[in-house]
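> need a structure here:
(chains A and B)
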Amino acid sequence: MIKGEARCIITFFTVHQALRAEKVLIAEGFKISMIPVPREISSDCGIALAFACGDETRVKTVLDSNTVKTECIHHLEGKCK
Amino acid sequence: MIYFDNAATSWPKPPEVIVAMTDLMERAGANPGRSGHRLSLEAGRIVFNAREKVAELFGIRDSSRVIFTVNGTYGINLGIKGLLRERDHVVVTSMEHNSVMRPLRHLEEMKKIKLTFVQCCRDGQLDLDVLREALEEKTVLVIVTHASNVTGGIMPVKEIGRLVRERDAVFMVDACQSAGALPIDVEEMGIDLLAFTGHKGMLGPQGVGGLYIREGIALEPLVQGGTGSNSEQEVQPDFLPDRYESGTLNTVAIAGLGAGVEYLLKVGIKKVREQENTLIRKLIRGTKQIEGIEVYGPEDTENRIAICSFRLQGKDPAQVGYLLDREFEIMCRVGLQCAPAAHRTIGTYPGGTIRFSLGYFNREEEIGAALDALGKIREMV
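Model prediction:
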């Protein structure tokens, strides 16, 4: 992720799905990082996945095609899409 | 020293299993899925990878449906007690282990469930027509051991799966003896619930087993508690695997199991099966040269895993087991092997048998040495 680039954060209900997301996105060459869920986001699972918002559409496609279940995708301003 | 007790626990383990366990303890010994820090994440990845490997071994598409439990017995209990309600009808074979029989007998008492036993033949094998007749309109669950821990006999799981599917019942397979020794594909075999243990054919350590739950089958969890998810809720989460994995997992054992399954996937179940089949064929052929030995189970080794139960005429199995260990350093298991129903079926109750159970790491010369030992014990007073 380039410094200053808008960051998107995906939250999950279970760590199993978070780690599935990590696996399939890394396999597809995305630059992602696993982070503790930021305090401003209320979440069910302690681990979240951060990526550059510019990749959002492609990230969503990869997660959907691998049937990874997410809770929601948060933009920096903390809105859930 | 010759280890012929692989059906109780496989030994030795591939070195990779021990490395994976010590590596976890030294490098990533945090609680998986509880915190967001790097060690917790790393432990979580190790559990996740083990789950994926187990799913791959059994042809399971969605690894979240693989539940890790403390052992195979817990997995079986979860399937049985999580599913059955008052007065449900269950069909079960006469070759089952007590890990299946005892929870069923308990529910017979507590929930008045109705049990129908499918009587197997004297060699422990199942007649599909007898099973078909046992199925009723209201049958909820059919439980079959994939391979008997007493005779090693393999059940026609795929054919049974088809019959059970026609009746719209749930098909549960106890794969504690077969997992890692025989090919298993839950889709091809129509298996709805697959219980396994980690420390036998799957080459992992003791302390981990599990249950695969097909999508659409709702089981009541046996235990509720912390899962690291849904922490604001005081009710149990409804998503898998969390719903059935309350409390901290045995991460060390799961790390070992993951490495054991990875080893199996690398070698290939086909090769494991060929090796074990060569050994058991040699053993059974050899027993025929010893006068006064009676071998139980199916004649054709294609229909058995690497288990051979036998008796020496006029000898107490317990005494034979003792002599094998003390005089010849051969370790095996004697008695009823926790499966009285199976011994009744093959006619060896209550005395039991001497059971040699072989594994991938046994060698052909060990078979010869064991046969020599049996010949000598035969001559002893």
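> can you list the residues of chain A near chain B?
Taking Cβ under 8 Å from any Cβ of the partner chain as the test, the list of chain A residues beside chain B reads A:13-17, A:19-20, A:22-23, A:34-37, A:42, A:44-48, A:67, A:69. From N, CA and C alone the C-beta is placed, and that goes for glycine too.
> Restricted to helices, list the residues you listed.
In this view, these that belong to helices under DSSP state H are A:V15, A:H16, A:Q17, A:L19, A:R20, A:E22, A:K23.
> so where's the chain uncertain?
All of this is about chain A. Scanning chain A for pLDDT under 70 picks out the ranges A:1-4, A:42-45, A:76-81.
> Let me rephrase: I mean chain B.
Counting by pLDDT under 70, chain B has low-confidence residues at B:381.
> Tell me who's in contact with the residue of chain A at minimum distance from chain B.
With Cβ to the nearest Cβ as the measure, A:P36 is the residue of chain A nearest to chain B, at 2.6 Å. Residues in contact with A:P36, defined by Cβ atoms under 8 Å, 6 or more residues apart in numbering or on different chains, are A:G46, A:I47, A:A48, B:S35, B:G36, B:H37.
> ditto for B:T93
Under the criterion of Cβ under 8 Å, 6+ apart, the contact list for B:T93 reads B:F117, B:V118, B:C120, B:L126, B:L131, B:I143, B:V144, B:T145, B:M155.
> B:V91 is in contact with the fifth one, correct?
Yes. Counting by Cβ atoms under 8 Å, B:V91 is a contact partner of B:L131 at 7.1 Å.
> Now for B:I280, how many residues are close by?
B:I280 is surrounded by 23 other residues when neighbours are defined as other Cβ atoms under 10 Å in any protein chain shown.
> And it, how far from B:L312?
B:I280 sits 19 Å away from B:L312 when distances are taken as Cβ to Cβ, to the nearest Å.
> cool, and B:L222?
Summarising the geometry, the distance separating B:L222 from B:L312, computed by Cβ to Cβ, is 42 Å.
> quick one, which of these two is more surrounded?
More neighbours sit around B:L312 than around the other of B:L222 and B:L312, counting by other Cβ under 10 Å; the figures are 20 against 14.
> Ramachandran angles for the residue of the stretch 51-200 of chain B found nearest chain A?
Taking Cβ to the nearest Cβ as the measure, the point where the stretch 51-200 of chain B comes nearest chain A is B:S64, at 5.1 Å. B:S64 adopts backbone torsions of phi -70, psi -10, taken as degrees, to the nearest 10.
> From what I see, it and A:A18 are in contact.
No. Counting by Cβ under 8 Å, B:S64 stays clear of A:A18, with 11.6 Å between them.
> more neighbours, the two?
Summary of the neighbour comparison: B:S64 and A:A18, criterion other Cβ under 10 Å, with A:A18 having more neighbours (29 against 22).
> my read: B:V66 touches B:Y244, true?
No. Counting by Cβ under 8 Å, no contact exists between B:V66 and B:Y244, whose distance comes to 10.2 Å.
> anything in contact with each of the two?
B:L211.
> Distance of the residue of chain B found nearest chain A relative to B:F48?
Closest residue of chain B to chain A, Cβ to the nearest Cβ: B:G36 (2.6 Å). Separation of B:G36 from B:F48 (Cβ to Cβ): 15 Å.
> can you list the residues of the stretch 51-200 of chain B near chain A?
That would be B:R51, B:D62, B:S63, B:S64, which are the residues of the stretch 51-200 of chain B within reach of chain A (Cβ under 8 Å from any Cβ).
> run the last query once more with 6 Å
B:S64 (Cβ under 6 Å from any Cβ of the partner chain).
> hmm, back to that, leaving out the residues flanking it, which one is nearest to the residue of chain B closest to chain A?
Once its chain neighbours are removed from consideration, B:G36 has its nearest residue in A:P36; the separation is 2.6 Å (Cβ to Cβ, 6 or more residues apart in numbering or on different chains).
> ok, that neighbour to B:Q233 distance?
When Cβ to Cβ is the yardstick, A:P36 and B:Q233 sit 20 Å from each other.
> Buried ones among the contacts of A:P36?
Neighbour counting over the contacts of A:P36 (16 or more other Cβ atoms under 10 Å in any protein chain shown) leaves A:G46, A:I47, A:A48, B:S35, B:G36 as the buried ones.
> With only the CA atoms kept, save stretch B:138-147 in PDB.
What follows is stretch B:138-147 as a C-alpha-only set of coordinates in PDB (Å, rounded to 0.1, in the frame of the first residue of the first chain):
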ATOM      1  CA  LYS B 138     -38.700 -42.200  10.200                       C
ATOM      2  CA  THR B 139     -35.000 -43.100  10.400                       C
ATOM      3  CA  VAL B 140     -33.100 -40.000  11.300                       C
ATOM      4  CA  LEU B 141     -29.500 -41.200  11.500                       C
ATOM      5  CA  VAL B 142     -27.400 -44.100  10.100                       C
ATOM      6  CA  ILE B 143     -24.000 -44.700  11.700                       C
ATOM      7  CA  VAL B 144     -21.400 -46.900  10.200                       C
ATOM      8  CA  THR B 145     -17.800 -47.500  11.000                       C
ATOM      9  CA  HIS B 146     -15.700 -47.100   7.900                       C
ATOM     10  CA  ALA B 147     -13.300 -49.800   9.000                       C
END
